[in-house]
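Chemist: I would like the atomic coordinates for the input below:
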Amino acid sequence: MEASDLALVLIPLLAVAAPLLARGIRPVVRVPIIVFELVLGILVGPAVLGWVGPGPLLEKLSDFGLAVLFFVAGSEIDFRAVSGKPLARASLGWLLSVMLGIGLGFFFSPGEGMVVIGIALSSTALGTLMPILRDAREMDTPFGKAITVVGAVGEFLPLIAISIFLSTQTTGIATAVLLTFVVLAGVTVLLAHRMPHGRLHGLVRATLHTSDQFGVRFVILLIAALVGLSVMLDLDMLLGAFVAGAVWRIIMARAPKKDAEEIESKIEAIAFGFLVPIFFLYTGVTFDLQALLTSPSAMALVPVFLIALLVIRGSAAQLSAPAGASGRDRIALGLLAATGLPIIVAVTAIGVDQKMIDTGTAAALVGAGMLSVLLYPLIGMILRGDRPQVVGPAAVHEHPQGEL
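Modeler: Below is the predicted model of the structure:
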């Protein structure tokens with residue numbers, strides 16, 4: 001059996017093993033399933049056992065898994081609820097984060113590299129946190145809403161920032177391209193908001209339990225179209241995926257509640273049952289552990305960047321703490337806000353491609369991001385406490401759609 005064939009068997013096996021391991025140790029400690037996916041990916045990857053290696057098929061599935069993760073994040077956010085003061089405070093916190101991050105980056109990579117480091121350290125992995133918050137039934141709590149707005153800002157603004165920064169390094173055409181995407185995305189959101197959706201809702205309802213599955217197919221098309229637009233304009237695909245999620249939320253906002261819940265359940269099944277686990281497992285497989293182990297300076301940067309994430313994002317997140325939050329909740333909020341990985345992977349990859357940072361610094365940033373995913377949500381949710389409602393995945397009917 002060739003390595004590529006073995007990977008097609010091992011990846012599904014590990015995707016099944018991860019939740020079993022997570023549930024197996026749950027009586028002792030609640031560890032996010034993402035932790036096991038990353039660790040198992042590293043274990044079977046070239047860094048340890050070498051059973052699974054990078055390949056074009058897994059890479060494409062992983063890319064689409066990341067896109068779906070951002071789509072779900074975009075569709076989960078109730079922008080109407082977080083607009084106004086919550087959004088302003090989170091945005092201010094992000095601005096403080098990126099300035100502190102750039103200041104820290106100056107000591108390790110003066111010049112263009114410090115901007116890349118600053119943007120990476122200003123990110124929050126909302127897509128990574130969403131499954132954790134959902135399983136803990138925190139989505140509708142003040143704590144969960146605070147994390148959502150901090151994460152939305154910490155996930156979307158870094159993508160905008162790196163796009164703007166790159167446009168200043170090239171020609172005015174790049175700036176025009178970014179503005180074109182923003183305009184097209186705004187027009188798409190506006191059209192989705194104003195157009196009647198009755199016929200679309202009817203078609204979704206009529207095919208919910210047939211082989212047509214129009215709703216699921218439409219979502220895949222929406223993601224592909226906006227991701228394709230991002231790639232065609234030479235922008236990060238995650239921008240398109242995030243906007244696609246927001247557009248889908250608008251489309252389904254006025255749909256019958258039962259239909260919206262059913263289609264949401266199907267999309268979550270495809271996302272978290274198939275594509276998203278591949279992304280996290282493949283992230284572990286492709287993690288350049290050797291670049292860290294063979295470079296003492298890069299190894300030394302991992303704890304520095306890990307602590308920097310906590311200090312920079314954790315302190316900025318306090319601006320978004322809900323009223324009356326306890327000390328434990330504030331610490332938990334800071335820990336979850338300091339959880340970063342997908343944006344760090346994307347930003348550092350751009351930085352290496354543009355020769356702004358070296359591979360050792362990039363590996364250290366990604367390593368810190370992986371450790372933040374391994375440690376910070378675990379500690380944060382322990383501090384939140386195992387309350388009665390934190391008993392496992394919530395029922396589908398507890399996540400109604402709302403107007404954007």
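
Chemist: so L238 is in contact with P342, correct?
Modeler: Yes: counting by C-beta atoms under 8 Å, L238 does reach P342; the two are 7.3 Å apart. In this view, the C-beta of every residue, glycine as well, is placed from N, C-alpha and C.

Chemist: and for the two, which residues touch both?
Modeler: Here L238 and P342 share the contacting residues L66, F70, scored by C-beta atoms under 8 Å, 6 or more residues apart in numbering.

Chemist: more neighbours: which of those two?
Modeler: More crowded of L238 and P342, by other C-beta atoms under 10 Å: L238, with 26 against 23.

Chemist: what's the per-residue pLDDT of the more buried one here?
Modeler: You'll see L238 listed with a pLDDT of 75.

Chemist: buried residues, stretch 39-52. List them.
Modeler: For stretch 39-52, the buried set under the neighbour-count rule, 16 or more other C-beta atoms under 10 Å, comprises V39, L40, G41, I42, V44, G45, P46, A47, V52.

Chemist: contact partners for the fourth one?
Modeler: Contact partners of I42, counting by C-beta under 8 Å, 6+ apart, are V48, G284, V285, F287, L289.

Chemist: filter these down to just the ones in helices.
Modeler: G284, V285, L289 (DSSP state H).

Chemist: sorry, back to before: for the buried residues of stretch 39-52, work out which two are farthest apart.
Modeler: Greatest spacing in those, by C-beta to C-beta: V39 and P46 (15.0 Å).

Chemist: what residues does G215 make contact with?
Modeler: L203, V204, T207, L208, I263, K266.

Chemist: closest to F64 out of those residues?
Modeler: Closest approach between these and F64, by C-beta to C-beta: K266, at 16.5 Å.

Chemist: so that closest one makes contact with R217?
Modeler: No: K266 is beyond contact range of R217, at 10.7 Å (criterion: C-beta under 8 Å).

Chemist: between those two, who's got more neighbours?
Modeler: K266 (15 against 11).

Chemist: what about this structure, any weak spots by pLDDT?
Modeler: Along the chain, segments meeting pLDDT under 70 span 1-5, 30, 78-83, 166-175, 177-178, 189, 192-194, 196-197, 386-404.

Chemist: what residue is smack in the middle of the chain?
Modeler: Centre of the chain computed as the mean C-alpha position; nearest residue by C-alpha atoms, centre = their mean is G127, 2.9 Å away.

Chemist: what strand or helix carries G118?
Modeler: Using DSSP states H and E, G118 sits in helix 112-121.

Chemist: which secondary structure elements does whichever helix or strand comes after that helix contact?
Modeler: On the C-terminal side of helix 112-121, the closest following helix or strand by DSSP H and E is helix 126-135. Judged by 3 or more C-beta pairs under 8 Å, 6 or more residues apart in numbering; DSSP states H and E, the packing partners of helix 126-135 are helix 33-44, helix 56-76, helix 142-169, helix 359-384.
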